[in-house]
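Engineer: Sequence and predicted structure are below.
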Amino acid sequence: MDITTVFQLLSDETRLRILLLLLHQDLCVCELTEIMKESQPKISKHMAKLRTHKLVLANRNEQYIYYSLNPDNELLINQLQLLQPSLQDQEPYQSDLNVLQTITEFVCTRG
């Protein structure tokens, strides 16, 4: 994939938010909808586009499909790692990370 396509995909705020969250951990659509306060159809539409371009991978775990960044796409991962520090204190990215941390703590304590 060329860098122009990566930047075109990153130019959409919802996709950028999803990818930045996946930089931290694998998530399912239901978790993404909760974190981002977006509808399930909207998140699913963006996930389909990200899967089509092979930016994310899907892994089924019982009834849930968990998405992760495609580790073979070094260009994407490098760009996200460069962007993350400058965005982590800005909204909506800061809120996304705060909710992600809350969800992660809840899941870890359910054990």
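Structural biologist: Looks like it arrived, so ask away.
Engineer: following the one helix or strand V6 maps to, which helix or strand shows up next?
Structural biologist: With elements taken from DSSP states H and E, the one containing V6 is helix 3-10. Downstream of helix 3-10, the first helix or strand assigned by DSSP H and E is helix 13-22.
Engineer: got the CA positions of that next one in CSV?
Structural biologist: Only the C-alpha atoms of helix 13-22 are listed here, as CSV (Å, rounded to 0.1, in the frame of the first residue of the first chain):
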residue,chain,number,x,y,z
GLU,A,13,-11.7,11.2,11.9
THR,A,14,-13.6,8.1,12.8
ARG,A,15,-11.1,5.8,11.1
LEU,A,16,-8.2,7.6,12.6
ARG,A,17,-9.8,7.3,16.1
ILE,A,18,-10.4,3.5,15.5
LEU,A,19,-6.8,3.0,14.4
LEU,A,20,-5.3,4.9,17.3
LEU,A,21,-7.4,2.8,19.7
LEU,A,22,-6.2,-0.4,18.0
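Engineer: which other residues reach it?
Structural biologist: Helix 13-22 is contacted by residues 9-10, 27, 32, 35-36, 38, 42-43, 46-47, 49-50, 55-56, 67-69, 76, 80, 83-84, 87, 92-93, 96-97, 100 when judged by CB atoms under 8 Å, 6 or more residues apart in numbering. Placement of C-beta: from N, CA and C, glycine included.
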